[in-house]
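**Student:** I would like the atomic coordinates for the input below:
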Amino acid sequence: MGVKTVKEIQELFDIEQVLAKTMVADPVAVTNGELDPRVVSGVRVLDGKVVDWDTLIDLDKFNLTDCSLCVLGQTHGDYFTGLTSLWPRGEGRGDGEIARLGSQHGFSADGDDDYEQLERDWRKVISERQTLRAARNA
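**Tutor:** All right, here's what the predicted structure looks like:
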C-alpha cells in the first residue's frame with residue numbers, strides 16, 4: 001500500500017468521498033427525488049455506517065413489517081439489534097428515543113398505509129442500487 005499523503009488520508013475519512021467511490025452518494029439522485037424523505041434519511045444513515053448494506057438485502061424476502069426481513073433485520077439480524085447498532089443506548093437515548101429515530105428514518109411506520117409506501121420506496125432504492133452495483137461489476 002505504501003506511504004499515503006495527507007490528502008489521501010483525509011480522503012479516507014471523508015464520507016462523501018468514500019460514498020462517491022463506492023456507491024451513489026445521494027439516494028435521491030438514483031430515484032429522481034421520488035422517495036419518502038424518511039427513506040432518504042435512512043439510506044444516508046446506512047451509507048454512513050454499514051458498508052454495501054444493499055448487498056445484504058434479499059428483495060424476494062423483504063418485508064418491512066417483519067423484524068427479521070426488514071431493512072435492519074436483513075442488515076443486522078433483527079430490527080431491534082439494527083436500531084441499537086445505529087443509535088446505541090446511552091448519551092440520553094433510551095428505548096423510546098431509539099424507536100422514534102427508527103421511525104424518523106423510515107425503518108418503521110405509524111400505520112399500515114404508511115408501511116406500504118415506505119416498503120415501496122425502500123424496494124425502489126435497494127433494487128436500483130443492486131442493479132447499478134451489478135452493472136458496475138459486470
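**Student:** Ranking helices and strands of this protein by mean pLDDT, which lands last?
**Tutor:** Here the helix or strand of the chain ranked lowest by mean pLDDT, DSSP states H and E is helix 15-22, holding a mean of 42.
**Student:** Contact partners for Leu69?
**Tutor:** With contacts defined as Cβ atoms under 8 Å, 6 or more residues apart in numbering, Leu69 is in contact with 61-63. The C-beta positions use only the backbone N, C-alpha and C, and glycine is treated the same way.
**Student:** Scan these and report the most crowded one.
**Tutor:** Phe62 (18 neighbours; other Cβ atoms under 10 Å).
**Student:** On the three-state scheme, the nearest residue to it once chain neighbours are set aside is what?
**Tutor:** Spatially, and ignoring its direct neighbours in sequence, Phe62 is nearest to Leu69 (6.0 Å; Cβ to Cβ, 6 or more residues apart in numbering). The three-state assignment at Leu69 reads coil, by DSSP: H, G, I helix; E, B strand; the rest coil.
**Student:** if I pick Ile98, what's in contact with it?
**Tutor:** Counting by Cβ under 8 Å, 6+ apart, Ile98 makes contact with 83-84, 87, 89.
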